[in-house]
Structures are given as structure tokens and as C-alpha cells.
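In: Pasting the sequence and the predicted model now:
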Amino acid sequence: MKKNVFIIGLGLIGGSIALAIKKEHNCTIYGFDIQAEQLKIAKSLKVIDQISDSIEAGVKEADLIIIATPVSKTEQIFEEMSQYTFKAGAIMTDVGSTKSRIVEKSAALLGSNVTFIGGHPMAGSHKTGVEAAKAHLFENAFYVLTPTETTDNRAMIQLQNWLKGTKAKFVNLAPGEHDALAGAISHFPHVIATSLVHQVRKLESEEPLLSRLAAGGFRDITRIASASPIMWRDIFIHNKAVLLELISNWINEMEDVKQLLETEDKETIYQYFYEAKAFRDRMPVREKGAIPSFYDLFVDVPDHPGVISDVTSILADHEISITNIRILETREDIMGVLRLSFRSEEDRELAKDCLEQALYETSIL
Ligand SMILES: NC(=O)C1=CN([C@@H]2O[C@H](COP(=O)(O)OP(=O)(O)OC[C@H]3O[C@@H](n4cnc5c(N)ncnc54)[C@H](O)[C@@H]3O)[C@@H](O)[C@H]2O)C=CC1
Ligand SMILES: O=C(O)C(=O)Cc1ccc(O)cc1
């Protein structure tokens, strides 16, 4: 019999999971969102098959329930659900960026005949809403699951089978372990990106040119600060203990950097930058982390009219799609660099081959 999936919260992540499930399973996907508009768009884009009028109505016949709302809302939804009846054998998961409080609050479901397994697909974007949803968003990314000692192994297998269309790599972690890791590599960098934006915002009142000059590196390092403030407010509060410790460590680190600068000790300063570069250069680039590594290809191009359309038409001739294109430097009489981003490693390799055949010099950093 055709199975039913119920997704609560049809934004970027709920929508992307729905599309990934559709690719692999012949099921009916129901959706619920507090924003009626998001639901209408989700239905018209065929991300979901049916709209549910309420959470209570949606969970009744669902074999799989996915909560894809901001994390504070997920906690409230558990409370609400403790009154509802579920289909026997139903599995429930969430996609929240934090896990300890969510897994703790899922205890509200004890006594209902539903198995909850916490989840976090560790990839995404600064975009929000179902319009930005993509079936391949989690391809090659880590997908953390947080089973407890009492989690039925069969439910774990079933859940991974439901989610196989994400093409993500599943990893099991304890909720606290997840929050410590995600805090360091995702949540804290988000706080830093946001604080850098605030620093420039404050300086801009005296230097109106500042934000126009803050292109390139500043824009790259602060891209994530354009993400949903609702979602990040919730993550910030949920991972309070981990973030407080990381902030203290960072303050100490900045004190050390300040000292380093005051001494003007060239060798130690060199080592500071060198060791960071060496560590970062060794980090895996082929895997999608919480901060995505795009499949970028750098192409040296002479700075003359028509060169961009030449590169893009070579790719079009070979039916290779690019997800982004950016000119990194162009000054008169020097070579410029085009940064092309692709959806997959395979597309990037194909692009590299055909551009090199057309005598362009390319590199992958
Ligand atoms: N954006 C990202 O890159 C990633 C986000 N996550 C997590 O995924 C979850 C969803 O985030 P996004 O999809 O990015 O946000 P989004 O803003 O695109 O979508 C969230 C949706 O939840 C709906 N919603 C809010 N409260 C609701 C409620 N009580 N009942 C039903 N629907 C409700 C909103 O109307 C919205 O459509 C968050 O918990 C976030 O921490 C996880 C991985 C990556
Ligand atoms: O946009 C980016 O680079 C992100 O880092 C997206 C993201 C946001 C929250 C997560 O829990 C996981 C990934």
C-alpha cells in the first residue's frame, strides 16, 4: 500500500527533504505550515502532494513524520503532539541544527506509539523558503542521526531508507556530541560572521564608502549572516552552553592576537598565519560540510570582451550547468580569474576537461 509522509514546516529544508524522498519512493507527501502561502507554493511546485489542515490531521495516517521548523517551534510541536494519536509503527524525525534540547523534549512523546529519532542534515544555505528547496541539497553531506539506547534498530534502518534520496552520509552521534561539534564548525562561525557585519555597520556611519568597498573576501566570509534571523536566534539559545565556552575561547584567542601585533614579532606572526593556512588546506574539500564547499573551478581568462560568453558557451555545448559564476579580478592588461561553481564533482571534472581542450588554464583550490 502507498505510504504517507507528513512534513511539518515547508521551508528550505522541509521542501528539500520532500523532493529527495519523492525521487526514491512512491508515496503521498502531506505538508503543514503556519504560513498558508508556503503551503500553496509547495503544492504548486509539486514539492508536496496534499495540504494537511492541521498537525493533528497530518500525523493520523502518516508512516513518516518530519518536523522541519525552527528548533524552538519543534519543542512546542512535541508538547502539542503528546495529545495526538499516531499510526502504529510510525517513525518521526526532525532536521533541527541542535539536538540536545530537542531529544530531551521528545520525551513528551513517550507513551505514544511513534518512534522519534533526532536528525540533522549538515548542509544547507543562507536562503529560506520552499522556493529555494532542491532535491540534491544534501548530496554528499553528513546527515547526523541521534538514536538513544532505546531506539529500535529497525526504525533506524527504515528512516535511513526513507532518506536515501538525499544521497547524504549518515553518522550516529550522541546529542551532546553533535551540539559540541556543530557549535564549533557551524554555530560559532555564524556568530562571528554576524559580528563582523555589525562591526562594518557601525563603522559605516563614519565611512559611508565602507560597504561598497567591502566586496570579495568580506562578502565570502559573511555570506552566512544573510540567513534567517528566526532560525539562528533559536539555534543560538538552544546551544547556549557550548557557545558561551566558544565565545570565551575566542576572546582569549583575540587577546593573543592583540599581543602578537603589539610585539611585531615577524616570525611568530608568520607562523600564526602559516599554521592556519596549513590546517585549512588539509581540510577535506570533496565533502559538503555544514559550511558547504562548492565545486569550484578557477579559470584564468584574458580580460577582453566576449571571454565570459566563450567559457559559458563551451559549457553549454557540453550540457554542463553552472550554479554560479564570478569574476575574481580584472585589471587592464592582466589575466583575470573566473570562479565557476558546479553542482557536483562530476560536472566540475567535465568542465575542467572541456575548458582545457579549448586551451583555458584551470585550477581547483
Ligand atoms: N537553513 C539551513 O541551511 C539548515 C537548516 N536546518 C534546520 O532546519 C530547520 C528549518 O530551517 P529552514 O528550512 O532553513 O527554514 P525556513 O525558514 O526556510 O522554513 C521553516 C518553515 O517552518 C515554518 N514553521 C514555523 N513554525 C511552524 C509551526 N509551528 N508549524 C508549522 N510550520 C512552522 C515556517 O513558516 C517556514 O515555512 C531549522 O530547525 C534549522 O535549524 C538544518 C540544516 C540546514
Ligand atoms: O549556508 C551555509 O553555509 C550553512 O552553513 C547552512 C547551514 C545552516 C545550518 C545548519 O544546521 C547547517 C547548514
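Out: That came through, no problem. Numbers count the residues shown, from 1 in each chain. Ligands and ions are numbered 1, 2, ... in the order given.
In: looking at it, Gln173 is touching Val144, isn't it?
Out: Heads up, residue 173 is Leu, not Gln. Yes - counting by C-beta atoms under 8 Å, Leu173 touches Val144, with 5.3 Å between them. No exception for glycine: its C-beta is placed from N, CA and C like everyone else's.
In: Between those two, which has more neighbouring residues?
Out: Neighbour comparison, Leu173 and Val144: the larger count goes to Val144, with 22 against 19 (by other C-beta atoms under 10 Å).
In: Could you tell me the phi and psi values at that one?
Out: In terms of degrees, to the nearest 10, the main-chain angles of Val144 are phi -80, psi 130.
In: Apart from its chain neighbours, what residue comes closest to it?
Out: Distance criterion C-beta to C-beta, 6 or more residues apart in numbering; nearest residue to Val144, sequence neighbours excluded, is His120 at 4.5 Å.
In: List the neighbouring strands of the helix or strand where Thr115 lies plus their orientation.
Out: Secondary structure assignment for Thr115, by DSSP states H and E: strand 114-121. Strand 114-121 pairs in its sheet with strand 90-94 (parallel), strand 142-146 (antiparallel), by DSSP bridges.
In: Dump these to TSV, plus mean pLDDT and distance to Leu338.
Out: Shown next, in TSV, are the strands paired with strand 114-121 (pLDDT from 0 to 100; distance: least, C-beta to C-beta, whole Å):
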stretch	mean pLDDT	distance to Leu338
strand 90-94	98	40
strand 142-146	97	30
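In: Adding distance to ligand 1, write those strands out as a markdown table.
Out: Formatted as a markdown table, those follow (distance: least, C-beta to the nearest ligand atom, whole Å):
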| stretch | distance to ligand 1 |
| --- | --- |
| strand 90-94 | 7 |
| strand 142-146 | 10 |
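In: can you give me how far the strand holding Thr115 is from the chain middle?
Out: Centroid separation for strand 114-121 versus its chain: 18 Å, with C-alpha atoms, centre = their mean, to the nearest Å.
In: Now do the contacts for the residue nearest to Thr222 when sequence neighbours are not counted.
Out: The shortest distance from Thr222 to any non-neighbouring residue, by C-beta to C-beta, 6+ apart, is to Ala193 (4.8 Å). Counting by C-beta atoms under 8 Å, 6 or more residues apart in numbering, Ala193 makes contact with 221-225.
In: Save these as TSV, and put in neighbour count too.
Out: As requested, those are exported to TSV (neighbours: other C-beta atoms under 10 Å):
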residue	neighbour count
Ile221	14
Thr222	18
Arg223	13
Ile224	20
Ala225	18
